[in-house]
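Asks: here's a sequence, model it:
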Amino acid sequence: MGHCLEIAGTCVGLIYLWLEYKASIYLWIVGVVMPAIYIFVYYEAGLYADFAINVYYLLAAAYGWLSWKYGWGGKEDAASALSITHTPPRIYVPLFSVFVVTLVLIAWILTEFTNSDVPWSDSFTTALSIVGIWMLARKYVEQWLVWIIVDVVCCGLYVYKELYFTAGLYGLYALIAIGGYKKWIRMMEEEKCCLLYTSPSPRDRTRSR
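Replies: Take a look at the predicted model:
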């Protein structure tokens, strides 16, 4: 049963990855199905932090959908939908602080209250994933760099845990994340060009008055 769920999760994960690569809002629908599957896979494997973060992913999928569709506002307006942007420098320190605090807290919980034999690596990927999924929900292009690190570490962790299908999936994630980063950079530049092209010039705005 566990291997069947792992294979199913791998297939759904590939769909998720493709939609993320295309920056399609429908990735958040798939983002509900995938963690629902992996909740069982990780629990059986004793990866309790990864089990817990998939509960977080379920909630984050709803936030991601609303964030991508409506932006910060609550109105269904194309102008309010999020565009791909760079991560604002002012939030790097808060994000790093969240990562460190979450890492230490999860590692302590796993060490004290579970039989996990990989508390720190499990905590590392979990804490960094919490930051990464929020950055994805805000459409920050640097989220791909976060996922590259997570994917490489996860690949080794899942090989150790003999979750070979999942390890293969995360190895593929790491490779495609590099292409995803480059693609999002291009898409971001294209969006900027489109905005510049469609925005009225000062002369046009004067005439409209």
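Asks: in terms of secondary structure, what does the longest helix along the chain contact?
Replies: Longest helix in the chain by number of residues, with DSSP state H as the criterion: helix 164-198. In terms of contacts (3 or more Cβ pairs under 8 Å, 6 or more residues apart in numbering; DSSP states H and E), helix 164-198 is packed against helix 2-21, helix 143-160. From N, CA and C alone the C-beta is placed, and that goes for glycine too.
Asks: buried stuff in stretch 172-185?
Replies: Leu172, Tyr173, Ala174, Ile176, Ala177, Gly180, Tyr181, Lys183, Trp184 (16 or more other Cβ atoms under 10 Å).
Asks: what pLDDT, on average, does it get?
Replies: The pLDDT scores in stretch 172-185 average 91.
Asks: then stretch 188-203?
Replies: 66.
Asks: pick out the residue closest to the middle of the chain.
Replies: Closest to where the C-alpha atoms of the chain average out (Cα atoms, centre = their mean) is Ile133, at 3.4 Å.
Asks: give me the element it is part of.
Replies: If you go by DSSP states H and E, Ile133 is part of helix 119-137.
Asks: got a list of contacts for that helix?
Replies: Contacts to helix 119-137, defined as Cβ atoms under 8 Å, 6 or more residues apart in numbering, come from residues 20, 47-50, 52-53, 56-57, 60, 63-64, 67-68, 87, 95, 98-100, 102-104, 106-107, 110-111, 116, 142-143, 146-147, 149-150, 153-154, 156-157.
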